[in-house]
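Peer 1: Sequence plus predicted model, see below.
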Amino acid sequence: MNHVLIIGAGGVGNVVAHKCAMLPEVFGKITLASRTVSKCEAIATSVKQRTGQSITTAQVDADQPENTAELIRKTGAQLLINVALPYQDLSLMEACLSAGCHYLDTANYEPKDVAKFEYSWQWAYQERFEKAGLSALLGSGFDPGVTNVFTAWALKHHFDEIHTLDIIDVNGGSHDRPFATNFNPEINIREVTAECRHYENGRFVQSPALSHHRPFTCPDGVGTYEIYRMYHEELESLAKHIPTLRHAQFWMSFSPNYLNHLAVLGNVGMTRIDPVTFNGVEIIPLQFLKAVLPDPGDLGKSTKGRTCIGNVITGIQHGRFKAIYVSNICDHESCFAEVGSQAISYTTGVPAMIGAKQMLEGHWRKPGVWNMEQHDPDAFMNDLNHHGLPWTCVELSAEAAIALQVI
Ligand code: NDP
């Protein structure tokens with residue numbers, strides 16, 4: 001019987017636990033562990049009510065590799081699903097190596113004291129995982145995650161060469177709070193305020209954060225939203241693994257209200273990640289801000305509307321220009337009805353479960369450290385349609401693709 005250990009009992013951990021419990025034939029035994037065990041217990045209660053399945057809970061400090069390794073040995077888990085924070089990636093990979101367990105995460109490693117994320121730290125584990133006969137799957141959320149698989153699937157079925165890629169992430173949802181982030185506020189604000197980078201002719205080009213934007217109309221009546229170009233981690237791995245790629249950009253929608261709040265918080269110093277002394281105690285302003293902002297996990301009950309995330313891809317097939325748009329639309333209220341979370345946690349947690357399923361079923365278990373686009377995409381794409389994230393693919397005319405693509 002397969003045994004999986006989920007680390008992290010936040011918004012995404014809630015979805016992963018529910019979705020794994022819905023597939024007992026794949027995830028025979030589930031342990032959910034996190035820093036605050038009461039959060040694990042609340043999720044376990046909901047899982048029992050909604051699916052009838054019992055899951056085990058535990059306390060763990062994921063910053064301490066030996067603490068997690070001990071838990072892996074105690075539970076006998078074959079696969080660890082890391083949905084804690086990017087800060088814990090390396091210590092959890094160490095724990096997996098120490099206890100002989102496969103590894104999966106949804107966001108690449110980021111040091112706490114520098115707002116910088118890149119794959120080099122995790123790619124450096126390639127040889128150790130390979131030698132140990134263990135597999136690590138990096139970035140199995142939606143973006144990164146599904147967007148990487150969309151690209152690999154497009155290359156397999158629609159193109160001889162991919163030349164351009166625009167990943168467009170629209171959250172057309174709204175909640176009843178004046179300001180909130182839709183996943184962990186600290187990680188979200190670090191990502192959004194970082195300098196933008198996009199890929200152009202073999203190198204990354206920098207521009208100021210959120211300085212390029214334009215409107216984008218989503219299909220199926222989701223609406224028209226202003227999207228902002230920003231750096232996102234899948235650009236790094238896709239530029240490496242798809243060598244014909246000439247131009248790649250990532251876009252995300254933000255409302256004027258969100259950006260106004262963010263600008264004020266930045267101007268007054270609340271998004272700083274260096275320590276300041278307050279009443280004789282050192283605090284990090286962004287960590288304090290996280291403590292007073294709404295918990296994204298609590299937004300589900302009041303969030304309405306839909307997300308629309310997809311890739312505009314152009315290239316050539318049989319010597320001719322071709323363009324496609326492959327995307328998923330996800331409804332916040334339906335997600336809440338199914339698992340008690342809003343669509344951002346849902347669109348991250350479902351691909352984490354599907355990635356874990358590929359690994360446990362043996363399709364994606366090659367020893368080493370892998371990004372999603374390095375595995376065969378077909379079974380994953382099929383599972384998206386069966387487990388809550390159905391996708392569509394439409395062919396675009398050259399004019400439509402160019403209009404959608406760049407500024
Ligand atoms: P939350 O902040 O809601 O949850 C994080 C959980 O991790 C919390 O339960 C927290 O515990 C726990 N945790 C943090 N540090 C430790 C530690 N040292 N030891 C044990 N547990 C710890 O985050 P989200 O659920 O919103 O996000 C989870 C992950 O998903 C993040 O890495 C995020 O970047 C990623 N993500 C990926 C996306 C994608 O599409 N690829 C999209 C959205 C998110 P406590 O409750 O005690 O604080």
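Peer 2: All right, it came through fine.

Peer 1: From here on, just use CA atoms for contacts and neighbour counts.
Peer 2: Noted.

Peer 1: Let me see the contact set for the residue in the stretch 251-400 of the chain positioned nearest to the ligand.
Peer 2: Proximity of the stretch 251-400 of the chain to the ligand (Cα to the nearest ligand atom) peaks at T348, 4.7 Å away. By Cα atoms under 8 Å, 6 or more residues apart in numbering, the residues touching T348 are 12, 106, 140-143.

Peer 1: one more time with 10 Å
Peer 2: By Cα atoms under 10 Å, 6 or more residues apart in numbering, the contact set of T348 is 11-13, 15-16, 83, 106-107, 139-146, 183.

Peer 1: now A379
Peer 2: 354-355, 357-358, 363-364.

Peer 1: returning to that earlier point: element containing the residue of the stretch 251-400 of the chain closest to the ligand, please.
Peer 2: helix 343-360 (DSSP states H and E).

Peer 1: After that helix, which helix or strand is next?
Peer 2: strand 368-371.

Peer 1: I would like the residues contacting that following strand, please.
Peer 2: 102-104, 119, 122-140, 144-145, 148-149, 234, 237-238, 241, 364.

Peer 1: In helices only, show me the residues you listed.
Peer 2: 122-123, 126-132, 148-149, 234, 237-238, 241 (DSSP state H).

Peer 1: which of these lies closest to I283?
Peer 2: Of all the ones in helices among the contacts of strand 368-371, I283 sits closest to Q122, with 28.5 Å by Cα to Cα.

Peer 1: and the closest one, how many neighbours?
Peer 2: 17 (other Cα atoms under 10 Å).

Peer 1: Now for it: which residues touch it?
Peer 2: 89-90, 93, 108-109, 136, 138, 369-370.

Peer 1: so how far is the ligand from it?
Peer 2: 14 Å (Cα to the nearest ligand atom, to the nearest Å).

Peer 1: which residue is nearest the middle of this structure?
Peer 2: G141 (3.4 Å; Cα atoms, centre = their mean).

Peer 1: Which pLDDT value goes with that one?
Peer 2: Per-residue pLDDT puts G141 at 98.

Peer 1: same question, S135
Peer 2: 98.

Peer 1: How about the secondary structure of the closest residue to P111 other than its chain neighbours?
Peer 2: For P111, ignoring the flanking residues on the chain, the nearest one in space by Cα to Cα, 6 or more residues apart in numbering is Y87 at 5.8 Å. Secondary structure, DSSP: H, G, I helix; E, B strand; the rest coil: Y87 is helix.

Peer 1: From the ones in helices among the contacts of strand 368-371, pick the one nearest the ligand.
Peer 2: Taking Cα to the nearest ligand atom as the measure, the ligand lies nearest E234 of the ones in helices among the contacts of strand 368-371, at 9.1 Å.

Peer 1: and the closest one, how far is that from A21?
Peer 2: Counting by Cα to Cα, to the nearest Å, the gap from E234 to A21 is 28 Å.

Peer 1: same question, R229
Peer 2: 37 Å.

Peer 1: Figure out how far the helix holding T348 is from the centre of its chain.
Peer 2: 9 Å (Cα atoms, centre = their mean, to the nearest Å).

Peer 1: Extract the CA atoms of that helix and return them as PDB.
Peer 2: Provided in PDB are the C-alpha atoms of helix 343-360 (Å, rounded to 0.1, in the frame of the first residue of the first chain):
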ATOM      1  CA  ALA A 343      -9.400  28.200  -6.600                       C
ATOM      2  CA  ILE A 344      -5.800  29.400  -6.200                       C
ATOM      3  CA  SER A 345      -5.200  26.700  -3.500                       C
ATOM      4  CA  TYR A 346      -7.200  24.300  -5.600                       C
ATOM      5  CA  THR A 347      -5.300  24.900  -8.900                       C
ATOM      6  CA  THR A 348      -2.100  24.300  -7.000                       C
ATOM      7  CA  GLY A 349      -3.200  21.300  -4.800                       C
ATOM      8  CA  VAL A 350      -4.800  19.300  -7.600                       C
ATOM      9  CA  PRO A 351      -1.600  19.200  -9.800                       C
ATOM     10  CA  ALA A 352       0.400  18.300  -6.700                       C
ATOM     11  CA  MET A 353      -1.800  15.300  -6.200                       C
ATOM     12  CA  ILE A 354      -1.600  14.400  -9.900                       C
ATOM     13  CA  GLY A 355       2.200  14.700  -9.900                       C
ATOM     14  CA  ALA A 356       2.300  12.500  -6.800                       C
ATOM     15  CA  LYS A 357       0.000  10.000  -8.600                       C
ATOM     16  CA  GLN A 358       2.300   9.800 -11.600                       C
ATOM     17  CA  MET A 359       5.300   9.100  -9.300                       C
ATOM     18  CA  LEU A 360       3.500   6.500  -7.200                       C
END
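
Peer 1: How about V83: what's its closest non-neighbour residue?
Peer 2: Per Cα to Cα, 6+ apart, closest to V83 is G8, 5.0 Å.

Peer 1: what's that neighbour in contact with, if anything?
Peer 2: Counting by Cα under 10 Å, 6+ apart, G8 has contacts 14, 16, 32-37, 39-40, 59-60, 62, 81-85.

Peer 1: just V222 next, same as before
Peer 2: So V222 contacts 170-173, 305-308, 329-331 (Cα under 10 Å, 6+ apart).

Peer 1: now P256
Peer 2: 226, 262.

Peer 1: Close to the ligand: what parts of the protein are there?
Peer 2: Contacts of the chain with the ligand, taken as Cα under 6 Å from any ligand atom, map to 8-13, 34-36, 60-63, 83-86, 106-107, 139, 141-145, 183-184, 187, 297, 348.

Peer 1: Would you report which members of these are assigned to helices?
Peer 2: Reading helices off the residues of the chain next to the ligand with DSSP H, I get 11-13, 187, 348.

Peer 1: What's opposite the nearest residue to F159 once chain neighbours are set aside in the beta bridge?
Peer 2: Take F159 and drop its neighbours on the chain: the residue closest to it by Cα to Cα, 6+ apart is Q317, 4.7 Å away. With DSSP bridges applied, Q317 shows beta-bridge pairing to R320.
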